[in-house]
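In: below are the sequence and a predicted model for it; my questions follow.
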Amino acid sequence: MRCTVAWAAALAGLALGRPAPENKAALAPRAGQAIVDSETGFTFSEYRAPNTLNSNIIYRIAVPQGATAPFDLVVQVIAPSSVGWAGLGFGGSMVRNPLAVGYANGQKATVSSRWATGHSEPASYSGASYKLLSTGNKVNSTHWQYTAKCSGCSQWQGSSGIQRINAAGSGRLAWAASLTKVPQPGSNSSSLTMHSAFNYWSHDFYTGANANFAELLARNGG
């Protein structure tokens, strides 16, 4: 992947915990609100990322109740159709942690597993895998949405050792998005344009704990 000054500046900002100054959206973010998804049956903890002055990207995470990492989790992302791609950093950064990058592809969405080791465009990452569920995936005139099981997102080798998500607590997550469409939406290794907004937040995973996680996963083709 080629390195650009823009990618370098952006990734450095997230790695150091400093949000980019380009987006000062007025919508107040909400972290860890419990949402029951009527389509899949999962209880998610939800965060609404203020992508523009009048629109949010919704990030939702469901975890197995009482689980100790490593464990599978379910991520659901709902983005306005104007969003070219939306990314989620499971370690609160865009460097040295699993990244989920989603984008619309016709009547469905593509989810791409990525990892950045430095100040460059994130590369494909085999340490985490995503499986779209049989429900919770759609594209319409206003939004696109994916719901996927992630294996490898709750524990990884970070720059300072093994990093884990605490299913009974909270942790920092990061998001990024671009308004520019990816050139190969059917490929999970498509090149990515520079983001137009990013930030991070403290996410409450416990509010998205599911006692019947395995049952729900099986019911939804996970």
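Out: Great, that's in hand.
In: could you list the low-pLDDT ranges of the chain?
Out: 1-31 (pLDDT under 70).
In: need the residue closest to the centroid of it.
Out: By CA atoms, centre = their mean, the mean C-alpha position of the chain lies nearest to residue 88, the distance being 2.7 Å.
In: and the gap between it and residue 77?
Out: Using CB to CB, to the nearest Å, we find residue 88 at a distance of 7 Å from residue 77. No exception for glycine: its C-beta is placed from N, CA and C like everyone else's.
In: common neighbours of those two, please.
Out: Overlap of the contact sets of residue 88 and residue 77 (by CB atoms under 8 Å, 6 or more residues apart in numbering) consists of 59, 100.
In: still on that earlier bit, once you drop chain neighbours, what's closest to the residue nearest to the centre of the chain?
Out: residue 100 (4.6 Å; CB to CB, 6 or more residues apart in numbering).
In: swap in residue 128?
Out: Per CB to CB, 6+ apart, closest to residue 128 is residue 152, 3.3 Å.
In: my guess is that neighbour contacts residue 131. True?
Out: No. Using CB atoms under 8 Å, residue 152 is not in contact with residue 131; the gap is 11.3 Å.
In: contacts only, for the residue nearest to residue 88.
Out: Residue 100 sits in contact with 75, 77, 87-88, 90, 111-114, 128, 130, 148, 150, 153, where contact means CB under 8 Å, 6+ apart.
In: can you confirm it is in a strand?
Out: Yes. Counting by DSSP: H, G, I helix; E, B strand; the rest coil, residue 100 is part of a strand.
In: returning to that earlier point: can you pull the contacts of the residue nearest to residue 128?
Out: Taking CB under 8 Å, 6+ apart as the test, what residue 152 contacts is 70, 98, 113, 127, 128, 129.
In: for residue 203, same thing?
Out: So residue 203 contacts 31, 32, 45, 47, 61, 170, 171, 172, 173 (CB under 8 Å, 6+ apart).
In: touching, the second one and residue 204? I think so.
Out: Yes. Counting by CB under 8 Å, residue 32 does reach residue 204; the two are 2.7 Å apart.
In: what sits in contact with each of these two?
Out: Counting by CB under 8 Å, 6+ apart, the residues touching both residue 32 and residue 204 are 45, 170.
In: now the helices for the protein?
Out: 5-15, 213-219 (DSSP state H).
In: ok now the shortest one, how far from the chain's centre?
Out: Average the C-alpha atoms of helix 213-219, do the same for its chain, and the two points are 21 Å apart (CA atoms, centre = their mean, to the nearest Å).
In: return the set of buried residues in that helix.
Out: 213, 216, 217 (16 or more other CB atoms under 10 Å).
In: picking that back up, how about the contacts of residue 203 in TSV, adding neighbour count and distance to residue 221?
Out: TSV is the format used below for the contacts of residue 203 (neighbours: other CB atoms under 10 Å; distance: CB to CB, whole Å):
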residue	neighbour count	distance to residue 221
31	17	29
32	18	27
45	22	22
47	23	25
61	28	19
170	17	29
171	16	28
172	15	31
173	24	25
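In: and the residue nearest to residue 117 when sequence neighbours are not counted, what does it touch?
Out: Nearest residue to residue 117, sequence neighbours excluded (CB to CB, 6+ apart): residue 96, at 6.5 Å. Applying CB under 8 Å, 6+ apart to residue 96 gives the contacts 115, 116, 117, 158, 159.
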